[in-house]
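S.K.: I need the structure of the sequence given here:
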Amino acid sequence: MAPAVASTAAKASFLQEMSSPMIAPPPSAAVSKKDPKLANNWKTKSAEELTDAEVLSMPDAEYMNEKQQAFFRLKLVALKQDMLNNAGETTEHLREDTVVVPDPADRATIEEEHALELRTRDRERKLLKKIEQSIVRIDAGDYGYCDETGEPIGVGRLLARPTATLSLEAQQRRELKQKMFGD
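M.R.: A predicted model of the protein is given here:
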């Protein structure tokens, strides 16, 4: 019975420490700086012409306006198309390399390369689902807002990870819970 009590006490003290405000790591300089020269460029450009820096420099009051949504839609569609092209190349590559190789070491190398490529495509397949979900979220008007808190995710985070559904703080909390409880 004593180990359970000690474990519970440790969790309680850890949870009390957790309830104090967490210090977020400083964002990288490239992502966090807003260039005042680019602040109004978005007004005269179409979504196709906007750069990451111009979207990042948009005022906070314009968060997830029509141009930002169109910009991220284009980014997601391009990412999706790139992955689909990679999948086609993998199919062709696997067809080309089905030659029988008599040397066991060469055959093992080819099989390992195929396994690695298939593992990569499987990860991309899972990412494709997230991309499609993000496009649906744009259509619904939910894109760019945290699933848990409803707060803005932030343009910098979305530029780095366009499929993000949680704010940085919510993601950190989720990862901490997973680490603690093994979910």
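
S.K.: Quick check, Thr163 in contact with Gln133.
M.R.: Yes - in this structure, Thr163 is within contact of Gln133 by CB atoms under 8 Å, at 7.5 Å. C-beta: built from backbone N, CA, C; applies to glycine.

S.K.: Compare those two (neighbour count), which wins?
M.R.: The neighbour comparison of Thr163 against Gln133 (other CB atoms under 10 Å) goes to Thr163, with 18 against 13.

S.K.: Pretty sure the more buried one sits in a strand.
M.R.: No - under DSSP: H, G, I helix; E, B strand; the rest coil, Thr163 falls outside any strand and is assigned coil.

S.K.: Check the gap between it and Lys129 for me.
M.R.: Separation of Thr163 from Lys129 (CB to CB, to the nearest Å) stands at 9 Å.

S.K.: What of Asp147?
M.R.: For Asp147 relative to Lys129 (CB to CB), the value is 15 Å.

S.K.: The two: which has the busier surroundings?
M.R.: Ranked by neighbour count (other CB under 10 Å), Asp147 and Lys129 place Asp147 first, with 13 against 10.

S.K.: Give me the distance from the strand or helix carrying Glu92 to the chain's centre.
M.R.: Under the criterion of DSSP states H and E, Glu92 resides in helix 66-96. Mean-position distance between helix 66-96 and its chain equals 15 Å (CA atoms, centre = their mean, to the nearest Å).

S.K.: Okay then, goodbye and thanks.
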